[in-house]
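> below: sequence and its predicted model.
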Amino acid sequence: NPALKMKRKHRTAHLENSGFQLYEGNKAQMYVGDFFEFDGSTTGQDQAFDRVWDRGSLVAIEPVLRERYVSVIDKLLVPGGKILLECFDRAKGPDAFRKQGPPFSVNASEILRLFDSSAYNVRKLSSKNMHSEAAFTQIGNDGLTVMNQEAWLISKTN
């Protein structure tokens, strides 16, 4: 987004030896590096974020890494912080095609399992069947009849 005017920031003390690069712009920061190595020492403060936008990360990683992914976000997100999660649900079709990826399918029950109701409020914002969209053919749709692109708002309660 050109309006964000993202520029690479020169190394700061907390980024030294972290393996991350920091880009800053208008009201936004972007860290580039190994997500699973990201912690409070990367930013110089614990619980550093009040907003997270996941535009394809959860669906890109192997399903066995999902709990670890949520654990990293949970440690960095302030109480009351919000996550905008965009994902795909390969909802209908043969199992072989529903389970392949990336992007891997993430359905509502998986989101509710990962973001436990004792710590998060979870709300689906939108769902659109991508079956007739041109982009659908680029991500391996053989045999699928429903592949929903979904947006979720996840709010940390404590």
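Yep, it's here.

> from Gln45, how far off is the closest residue to Asp50 other than its chain neighbours?
Nearest in space to Asp50, with sequence neighbours left out and distances taken as C-beta to C-beta, 6 or more residues apart in numbering, is Gly81 at 4.7 Å. (Each C-beta comes from the backbone N, C-alpha and C, glycine too.) According to C-beta to C-beta, to the nearest Å, Gly81 stands 13 Å off from Gln45.

> of these two, who's got more company?
Higher neighbour count among Gly81 and Gln45: Gly81, with 20 against 11, using other C-beta atoms under 10 Å.

> buried set for the host helix or strand of that one?
Using DSSP states H and E, Gly81 sits within strand 77-92. By 16 or more other C-beta atoms under 10 Å, the buried positions in strand 77-92 come out as 77, 81-83, 85-91.

> Val64 belongs to a strand?
No. Applying DSSP: H, G, I helix; E, B strand; the rest coil, one finds Val64 to be helix, outside a strand.

> wait, what's in contact with it?
If a contact means C-beta atoms under 8 Å, 6 or more residues apart in numbering, then Val64 has no contacts.

> what's the answer for Gly56, then?
Each residue near Gly56 by C-beta under 8 Å, 6+ apart is listed here: 86-87, 103.

> now Leu125
Listed by C-beta under 8 Å, 6+ apart, the contact partners of Leu125 are 150-153.

> give me every residue that touches the residue nearest to Trp53 when sequence neighbours are not counted.
Residue nearest to Trp53 in three dimensions, not counting chain neighbours: Leu84, with 4.9 Å by C-beta to C-beta, 6+ apart. Neighbour list for Leu84: 51-54, 151-153 [criterion: C-beta under 8 Å, 6+ apart].

> swap the cut-off to 10 Å and go again
For Leu84, the contacting residues are 51-55, 125, 151-154, by C-beta atoms under 10 Å, 6 or more residues apart in numbering.

> next, work out how far apart Tyr120 and Ser71 are.
Look at Tyr120 and Ser71: by C-beta to C-beta, they are 13 Å apart.

> which one's more surrounded, those two?
Higher neighbour count among Tyr120 and Ser71: Tyr120, with 21 against 12, using other C-beta under 10 Å.

> ok, so what distance separates the residue nearest to that one when sequence neighbours are not counted from Glu24?
Once flanking residues are discounted, Tyr120 sits nearest to Ile154: 5.4 Å by C-beta to C-beta, 6+ apart. Counting by C-beta to C-beta, the gap from Ile154 to Glu24 is 25 Å.
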